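Colleague: Task: produce atomic coordinates for the following.
(one chain, ligands or ions: 2)
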Amino acid sequence: MSHIGEFELIGRISAATPTPEGITGIGDDCAVIPQKQGLDTLVTTDLLIEGRHFLLQDVSPHDLGWKSAAVNISDIAAMGGRPTSVFLSIALPEGLTEGPGANWNSPSGKHCRPRLREGGAHEVGGGGAWIDAFIAGFNELCSRFGVALLGGDTSASDDKLFINVTLLGECPHGQALKRNTARPGDIIYVSGPLGDSGAGLRLILEGAPRVDYLIRKHYLPVPRVELGLQLAATPGVHAMMDISDGIGSDLRHILDASGTGATVEINRIPLSPELKDTCTAHGWDPIELATCGGEDYELLFTAAPGTAVPEGCTPIGAIEPEPGLRWSGSTRDYQGFTHF
Ligand code: ADP
Ligand code: MG
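Modeller: Ligands and ions are numbered 1, 2, ... in the order given. As a prediction, this is how the structure comes out:
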């Protein structure tokens, strides 16, 4: 069977799908749909699949609920929008329960490791405690940003747990920050340290001693909503997206959409002390984690030179007319994370 990559797949769907005039459709962090009262509606949806996007044995239901909301709220933040409401669909495998005596220590401090009962039998109240903890985490993050859960769909699943979240948001008409508006000469910024989430995941996968800060960054990311709103209101900020797959992949989306290239200075990429220490201890390349690890959910944006960007944003390179992504300070090419 021939192998077709994620971006080719989306490209084929996009090529066969006309987008109505005045709407931003497939290809950005959110669809942008103009409304009548001078506002644009933003819509994003994400599918999370057990084994591919999360490890059910490791993540607590509270943290999984939190993260399911976070990755979608982050896509609204990525456009400079305000998230408003959310729809949640879940397909639950039979026998998903909260293990009695579970002692796994979630980064959130909640002790609720899911267990499949032997033989797959449904425990009394099976799934009830799990879903309660999942929704508690989901709503905890949503309420922090004033997002209301308004509906969804539910099904049993033969095997794996599936979660689909659809997030709605809004912004003043025409103010969403898109991927296709970077200009040669722009400075490229990131909103915080990169690689922490990827390092947290690697510690989990390798069964290495857990560094609490890194594990929290992996399971409990906080989307940069306020910063996104601030950037959308800052003249000179041109293109923006959130970092879900690592800048090695994500920055290429901005470059392709804008018809530009860029050089990133490796030694300017912000790294946390925890990441550096952990990489030293395990012999890992921190730059690989920072550029390809993904799931940091920081913002990646471009701005004209001289733009007054908020504190905490770090310049890492520049947009250039020649296509392609160049790394200054390394002979390696960093590609970013792919889902296929
Ligand atoms: P993100 O990482 O920001 O969530 P994705 O890489 O998942 O974005 O998707 C890129 C773009 O492709 C988005 O605009 C998304 O809506 C669109 N897209 C992804 N899958 C499909 C699909 N099956 N049908 C239509 N559009 C899709
Ligand atoms: Mg995104």
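Colleague: residues contacting Pro184?
Modeller: Shown in contact with Pro184 (CB atoms under 8 Å, 6 or more residues apart in numbering): Thr260, Ile319, Glu320, Pro321. From N, CA and C alone the C-beta is placed, and that goes for glycine too.
Colleague: secondary structure element for the residue lying closest to the last one once chain neighbours are set aside?
Modeller: Yep, that's Pro321 we're talking about. Using CB to CB, 6 or more residues apart in numbering and skipping the chain neighbours, the partner closest in space to Pro321 is Pro184 (4.4 Å). Remark: Pro184 resides in no helix or strand, with elements defined by DSSP states H and E.
Colleague: Same question for the one 5 residues further on.
Modeller: Per DSSP H and E, Tyr189 falls inside strand 187-190.
Colleague: average model confidence for the helix or strand just after that strand?
Modeller: For strand 187-190, the following helix or strand on the C-terminal side (DSSP H and E) is helix 196-205. On average, the pLDDT along helix 196-205 is 97.
Colleague: low pLDDT regions in the stretch 51-200 of the chain?
Modeller: Applying pLDDT under 70 to the stretch 51-200 of the chain flags the ranges 97-127.
Colleague: ok, which residues in it are in contact with ligand 1?
Modeller: Contacts of the stretch 51-200 of the chain with ligand 1, taken as CB under 6 Å from any ligand atom, map to Asp75.
Colleague: Ligand 1 contacts on the stretch 201-340 of the chain?
Modeller: Ser244.
Colleague: out of the contacts of Pro184, which is most surrounded?
Modeller: If you count neighbours using other CB atoms under 10 Å, the busiest of the contacts of Pro184 is Ile319, which has 24 neighbours.
Colleague: Doesn't that residue belong to a strand?
Modeller: Yes: per DSSP: H, G, I helix; E, B strand; the rest coil, Ile319 lies within a strand segment.
Colleague: Would you mind confirming that it is in contact with Asp186?
Modeller: Yes: counting by CB atoms under 8 Å, Ile319 touches Asp186, with 4.1 Å between them.
Colleague: what is in contact with these two at once?
Modeller: When CB under 8 Å, 6+ apart defines a contact, the residues bordering Ile319 and Asp186 alike are Thr302.
Colleague: ok, Ile187 to ligand 1 distance?
Modeller: 22 Å (CB to the nearest ligand atom, to the nearest Å).
Colleague: Can you tell me, leaving aside adjacent residues, what's nearest to that residue?
Modeller: Spatial nearest neighbour of Ile187, chain neighbours left out: Pro315 (4.9 Å); criterion: CB to CB, 6+ apart.
Colleague: Give me the neighbour count for the one you found.
Modeller: For Pro315, the neighbour count with other CB under 10 Å is 14.
Colleague: And Gly5, by the same measure?
Modeller: 11.
Colleague: Per-residue pLDDT of it, please?
Modeller: At Gly5, the model reports a pLDDT of 85.
Colleague: Next: Ile319.
Modeller: On pLDDT, Ile319 comes in at 98.
Colleague: Next: Gly236.
Modeller: Here the pLDDT value assigned to Gly236 is 98.
Colleague: pretty sure it is touching Tyr189, no?
Modeller: No: between Gly236 and Tyr189 there is no contact under CB under 8 Å: 11.3 Å.
Colleague: those strands in the stretch 51-200 of the chain, which residues are they?
Modeller: Using DSSP state E, counting those that start in this stretch, the strands of the stretch 51-200 of the chain run over residues 82-93, 96-98, 114-116, 148-157, 162-172, 187-190.
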